[in-house]
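Peer 1: everything below, folded, please.
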Amino acid sequence: MSKMKRMVYNDEQLGKEINLKEYWDVIKGRIWIVFAMIIVCTGAAYAYSYLNNTPVYETSTRIILSTEDQNMNTLMVMIKDPIIMDQVKKELDLPQSSSSIASQIEVNRLEDSEVIQISVTANDPKAAASIANKTAAVYKNEIVNILEFKHVQLLSKAEVNPYPINEFQDRNLMIAAVFGLIAGIGLIFLLDTLDGSVKSREEVEDFLGIPVIGFVSPMNRKNSTTKTRKSKTQELEVRGESIDIK
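Peer 2: Numbering: from 1, shown residues only. Below is the predicted model:
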């Protein structure tokens, strides 16, 4: 009878409080399953995350637009205009489309100031820096022809950032480890519930409803033969004989 069955029997039939130590005994007997599940789950999570993790790099440049607030939004929108993007694509000889380049760019105004940050993300850190700097330079030259706006100042250049912004994180491994722990414990209790063998004195007493008087120690054939030979040798020595028994 499994310990889980015995604990349920005690709780329902005898009204006794379930002893948490018995739960621990169940887990301890198959604790290797928990470790195995944790290793398997974390290993699978690591492999999946590593194989599907494409590094993305980000960098940014800053420009100053000296204008009134009512014109700021228009000037910011023009940074990603197809005219600007086409020129960036042409000068850098980029393989992607102008709209794809625009999707890599994010334009933000810093704290309601005249400083505009142009951030670029790409799979190559050098490409990200090149796109950011070229966008700022092209914008400064083309905005004069488009809106006759001349008050653009390059504040800072984009530098190559060698660290990906989506660097592999330990969060997935932690989630996988917790899942493996829960799954391992659940599997242990499932196996224990399906196990109908009797393994302890308490299980025998609960199953038969009678107290256990004593135990018979296990004895194999080798130990039994050895004890028999020793007994015979001692008997012969008592009689004063010296006989070797082979």
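Peer 1: quick one: the helices in the chain?
Peer 2: Ranges of helices in the chain, per DSSP state H, are 3-9, 20-29, 31-51, 69-77, 82-92, 98-103, 125-147, 171-194, 201-208, 221-238.
Peer 1: list the helices and strands the third one packs on?
Peer 2: Using 3 or more C-beta pairs under 8 Å, 6 or more residues apart in numbering; DSSP states H and E as the contact test, the elements touching helix 31-51 are helix 171-194. (C-beta placed from N, C-alpha, C; glycine too.)
Peer 1: what are the contacting residues of the helix it packs on?
Peer 2: Identification of contacts with helix 171-194 by C-beta atoms under 8 Å, 6 or more residues apart in numbering yields 2-5, 26-27, 29-30, 33-42, 44-46, 49.
Peer 1: okay, buried residues for that helix please.
Peer 2: Neighbour counts over helix 171-194 (16 or more other C-beta atoms under 10 Å) mark 172-173, 176-177, 180, 183-185, 188-189, 192 as buried.
Peer 1: and that helix with helix 31-51, angle?
Peer 2: 150 degrees (axes from the mean of the first three to the mean of the last three C-alpha atoms, to 10 degrees).
Peer 1: against E58, how distant is the closest residue to P55 other than its chain neighbours?
Peer 2: Nearest non-adjacent residue to P55, counting by C-beta to C-beta, 6 or more residues apart in numbering: P164, 3.7 Å away. Using C-beta to C-beta, to the nearest Å, P164 is found at 8 Å from E58.
Peer 1: which of these two has more neighbours?
Peer 2: Neighbour tally, P164 and E58, criterion other C-beta atoms under 10 Å: the higher count belongs to E58, 20 against 16.
Peer 1: contacting residues for that one?
Peer 2: 119-121, 128, 161, 165.
Peer 1: kindly state the pLDDT recorded for it?
Peer 2: The model reports E58 with a pLDDT of 96.
Peer 1: bridged to it, which residues?
Peer 2: T121 (DSSP bridges).
Peer 1: the residue nearest to P55: what's it in contact with?
Peer 2: 55-57.
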